[in-house]
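*Asks:* Here you go, sequence then predicted model.
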Amino acid sequence: EVQLVESGGGLVQAGGSLRLSCAASGFTFDDYAIGWFRQAPGKERERVSCISGSDDSTRYANSVKGRFIISSDNAKNTVYLQMNSLKPEDTAVYYCAAYQGRLCIGFGSWGQGTQVTVSS
């Protein structure tokens with residue numbers, strides 16, 4: 001059974017940093033892509049970043065490019081999202097999701113989410 005557990009959220013001032021973790025179990029990391037998504041109140045869910053377990057290729061939303069970095073530690077089955085230069089508009093619940101294959105599209109398995117709040 002695929003299981004994902006996010007951690008690392010919290011309250012931070014604008015300009016600060018946070019690192020989110022997504023601990024995964026129940027599948028072979030190399031066969032999956034892991035994505036970070038976020039959803040703010042009243043807004044649609046947005047894909048923030050994605051990393052392929054097979055070749056570590058990465059993708060970012062334009063809204064976070066240059067500020068966020070996704071990485072993975074395959075030995076620990078954990079994916080990280082380093083978030084720098086945070087802005088109030090980054091406030092959202094952040095989720096990680098696992099997808100079979102190299103891309104974060106299609107049917108994914110989701111974690112419960114972690115709240116990130118950026119104060120101005």
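*Replies:* Great, that's in hand.

*Asks:* Give me the contacts around the helix or strand hosting Ala24.
*Replies:* For Ala24, the host element (DSSP states H and E) is strand 18-25. Here strand 18-25 makes contact (C-beta atoms under 8 Å, 6 or more residues apart in numbering) with 2-10, 12, 32, 34, 36, 76-83, 86, 94, 96, 98, 111, 114, 116. Every C-beta, even on glycine, is put in place using the N, C-alpha and C of the backbone.

*Asks:* hey, where'd the strands end up in this structure?
*Replies:* 3-7, 10-13, 18-25, 32-39, 46-52, 58-60, 68-73, 78-83, 92-100, 109-110, 114-119 (DSSP state E).

*Asks:* helices or strands up against the last one?
*Replies:* Taking 3 or more C-beta pairs under 8 Å, 6 or more residues apart in numbering; DSSP states H and E as the contact definition, the neighbouring helices and strands of strand 114-119 are strand 10-13, strand 18-25, strand 92-100.

*Asks:* Next, work out how far apart the closest residue to Gln100 other than its chain neighbours and Tyr94 are.
*Replies:* Residue nearest to Gln100 in three dimensions, not counting chain neighbours: Tyr32, with 5.9 Å by C-beta to C-beta, 6 or more residues apart in numbering. Here the criterion is C-beta to C-beta, to the nearest Å. By it, Tyr32 lies 18 Å from Tyr94.
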